[in-house]
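In: Predicted coordinates and the sequence they were generated for:
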Amino acid sequence: MNKESAAALKGKKKQILESWMSNQLQDAALRDDLISVSELQQQSEEFLTSLLKAFGTSQAEDTESAGYEPIHDILNEISITRARQGFSPRETSSYILSLKEVLSQVLEERFREEPAILYKEIISMNKIMDSLSLLTLETYIKGREEVILRQTNEMSEISTPVIRVWEGILALPIIGTLDSARTQVVMEALLEEIVATGSRIAILDISGVPTVDSLVAQHLIKTVSAARLMGAECIISGIRAEIAQTIVHLGIDLTNIYTKATLASALKMSFSMLNIIVSKGSQNNQAISKQNLGF
Amino acid sequence: MERIPILKMGPFLLVTIQVDLYDRLALTLENDLINMVSKTEAKGVLIDISAVSIVDSFMGRILGNIASMSKIMDAATVVVGMQPAVAITLVELGLTLSGVHTALDVEQGMELLRGKIGQLDTDEEGLYDSFI
C-alpha cells in the first residue's frame, strides 16, 4: 500500500466512518438488542483511527508488524465481547468486511484514472483486511470455546448438590448424563459430605438421568460401593419404568443395592433404617408447634 | 520391630492404625489379631483406619482376610473411618470388601458390633427355645 492511498484514506476518514456506520446499521444481521449505536460508533471510530495510522507506516502490508498491535488488541476485545454477548460468527465477521467495501470505494474514487495502481492498491488493501477478519474469527471462536468450557465446568458443579434432608440422611439428586468425569465429582462430593455430616444413609435420586446404560449403572454401583466402604448405606431412587426395563434387559445386577421408585419412599425406608418415627400430630400438637414456629 | 497395639474392650478387640501400613506391618497385624481373637474369644473386631491415607490392593486383601478369618472364629469385623480417597481407590481397584462391615466412626462401629452381639444372643436363645 503506497503513501498516496494511505493519505487519501486518511483524508476521507470522516466519510469512511459515516458510510461504514451506515453499512453496519443497514445490515440486517446487526443486533441492536445486544449493542447500542453509540457504543458501536465509538468502537468503530477507535478502530478506524488505529487502522489508518497503521496504513501510514512503512510495513503497512504486514499485519504482524508493530503498527498493527493496537488494532489486534481492539479486534481481540471486540470479538471476545461479541462472542460472550452471543453474536453469531457472521455478525462478528461482517464488522470488518463491511469496512472493506467502504475502503475500496474510496480507493476507486482516488485512482479512477490509474487502473493499474487501483488494482494493486485494492489487492493489497484486501490482503490486510482479510487477515484482520481471519483474526477476528479466530478470536471469536476462542471466546466461544472459553464460554463453552466455563459452562461445562459450571454444569458439573451446579448439577451435583448434596442435600441434607434429615439428620443422618443425605440426598443427591443427579441431573443429566453420568459420565466418568461426573461420577468422580459426584462420588467425591458425596463421600466428603458423608464424612462432614456423619450421615449413615445417602439417597441417590436418578429421576433426572435421561438414560441408564451399563456404563452409567457401573458408575452408580461404584458410588454405592465407595459409600458402603465408608460405613454409609446408599438407596437409589427415582427409577422410572423405562429405566427399570433397560436395567433388566442389559442384565445389570442391582440385587444387593436398595432401590426405590420415588424419593419419598426412599426417605421412608431411611427413616425405618434409622428407627426414626415421623407421625402426623393431633390438633393439640399442631397448636403447640404453631406456637413454636411463632404464629 | 514395630507393632500395632490391639486393645481388648469387653468382648471386642480394638485396633487403631495410626501409621501408614507397609506390607510387613499389615501381615504382622493380621497374625497378631487372629491370635488375639483366638486367645480372648472376642466376639467382634473393630479396625479404625481413619488415619490411613494410602491403600493398595495388598492392604485391601489383608482387610478382607482378617474379616474372613475372624468370621470363621465367630467374630464380626467392622472397619471404621475410611477416608473418601481411600474408599474411591478401593472401589477403583475392584475391592468392595464384601465380607467386612463398615461404619463412619468408632462410636457407630461399636454400636454396630453391640447390635451384632445382641442379635447373636437372641438367636441363641431362640435356638434353646426351640430345643425346649
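Out: Thanks, I have the structure now.

In: Phi, psi for A:S207 please.
Out: Phi and psi for A:S207, reported as degrees, to the nearest 10, are phi -60, psi -20.

In: Let me see the contact set for the spatially closest residue to it that is not a sequence neighbour.
Out: Leaving aside its chain neighbours, A:S207 sits nearest to A:G238 (3.2 Å; criterion: CB to CB, 6 or more residues apart in numbering or on different chains). For glycine as for every other residue, the C-beta is placed from the backbone atoms N, C-alpha and C. By CB atoms under 8 Å, 6 or more residues apart in numbering or on different chains, the contact set of A:G238 is A:173, A:205-208, A:261-263.

In: ok, 10 Å please
Out: A:173-174, A:203-209, A:259-263, A:266 (CB atoms under 10 Å, 6 or more residues apart in numbering or on different chains).

In: Does A:L250 touch A:A244 like I think?
Out: No - here A:L250 lies out of contact with A:A244, judged by CB atoms under 10 Å, at a distance of 11.1 Å.

In: pretty sure B:K116 belongs to a helix, no?
Out: Yes - B:K116 forms part of a helix when assessed by DSSP: H, G, I helix; E, B strand; the rest coil.

In: Could I get the contacting residues of it?
Out: Per CB under 10 Å, 6+ apart, neighbours of B:K116: B:43-44, B:75-76, B:78, B:101.

In: Go again with 8 Å.
Out: B:K116 makes contact with B:43-44, B:76, B:101, according to CB under 8 Å, 6+ apart.

In: Who are the contact partners of whichever residue of chain A sits closest to chain B?
Out: Proximity of chain A to chain B (CB to the nearest CB) peaks at A:L191, 3.4 Å away. By CB under 8 Å, 6+ apart, A:L191 lies in contact with A:226-227, A:230, B:84, B:87-88.

In: which parts of the stretch 101-250 of chain A sit against chain B?
Out: When proximity is defined by CB under 8 Å from any CB of the partner chain, the stretch 101-250 of chain A lies next to chain B at A:184, A:187-188, A:191-192, A:194-195, A:198-200, A:222, A:225-232.

In: now the contacts of B:K116 in CSV, with pLDDT?
Out: Converted to CSV, the contacts of B:K116 look like this (pLDDT from 0 to 100):
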residue, pLDDT
B:K43, 89
B:G44, 91
B:A76, 89
B:H101, 90
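
In: Tell me the most packed of those, by neighbour count.
Out: Highest neighbour count within the contacts of B:K116: B:G44, with 26 neighbours (other CB atoms under 10 Å in any protein chain shown).

In: ok, now which ones touch that one?
Out: Residues in contact with B:G44 (CB under 8 Å, 6+ apart) are B:11-13, B:75-78, B:113, B:116-117.

In: Which members of those residues are positioned in strands?
Out: Judged by DSSP state E, the subset of these located in strands is B:12-13, B:76-78.

In: which regions of chain B lie under the pLDDT threshold?
Out: Along chain B, segments meeting pLDDT under 70 span B:119-132.

In: Show me the helices in the stretch 1-150 of chain A, by range?
Out: Taking DSSP state H, counting those that start in this stretch as the criterion, the stretch 1-150 of chain A carries its helices at A:3-11, A:13-26, A:37-56, A:69-85, A:89-110, A:115-158.

In: How far off centre is stretch B:19-35?
Out: Once both centres are worked out by CA atoms, centre = their mean, to the nearest Å, stretch B:19-35 turns out to sit 12 Å from its chain's centre.

In: which other residues reach it?
Out: For stretch B:19-35, the external contacting residues (CB under 8 Å, 6+ apart) are B:1-4, B:6, B:13, B:15, B:17, B:45, B:51-55, B:58-59, B:62, B:65-66, B:69-70, B:73.

In: before we move on, the earlier item: how about the contacts of A:L191 in CSV, adding distance to A:L51, neighbour count and secondary structure?
Out: Shown next, in CSV, are the contacts of A:L191 (distance: CB to CB, whole Å; neighbours: other CB atoms under 10 Å in any protein chain shown; DSSP: H, G, I helix; E, B strand; the rest coil):
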residue, distance to A:L51, neighbour count, secondary structure
A:A226, 59, 27, helix
A:A227, 62, 26, helix
A:M230, 63, 23, coil
B:P84, 57, 20, helix
B:A87, 61, 27, helix
B:I88, 56, 20, helix
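
In: Show me which of these is closest to A:S38.
Out: Closest to A:S38 out of the contacts of A:L191 is B:P84 (54.7 Å), distances taken as CB to CB.

In: Test my guess that that closest one contacts A:E188.
Out: Yes - with contact defined as CB atoms under 8 Å, B:P84 reaches A:E188; the gap is 6.4 Å.

In: Can you get me a residue count around the closest residue to A:T139 other than its chain neighbours?
Out: Leaving aside its sequence neighbours, A:T139 sits nearest to A:S79 (CB to CB, 6+ apart; 3.8 Å). Residues lying near A:S79 (other CB under 10 Å) number 26.

In: And for the one 5 residues further on?
Out: By the measure other CB under 10 Å, the count of residues near A:R84 is 13.

In: which residues does A:K10 contact?
Out: When contacts are counted by CB under 8 Å, 6+ apart, A:K10 touches A:52, A:55-56.

In: Do you know the pLDDT at it?
Out: On pLDDT, A:K10 comes in at 80.

In: and A:E233, what does it touch?
Out: Counting by CB under 8 Å, 6+ apart, the residues that A:E233 touches are A:200-202, A:227, A:258, A:273.

In: So which bits of chain B are right by chain A?
Out: When proximity is defined by CB under 8 Å from any CB, chain B lies next to chain A at B:79-84, B:86-88, B:90-92, B:96-97, B:102-105, B:108-109.

In: one more time with 6 Å, if that's ok
Out: Residues of chain B found near chain A (CB under 6 Å from any CB of the partner chain) are B:82, B:84, B:87-88, B:90-91, B:96, B:102-104.

In: Helices - which of these land there?
Out: B:84, B:87-88, B:90-91 (DSSP state H).
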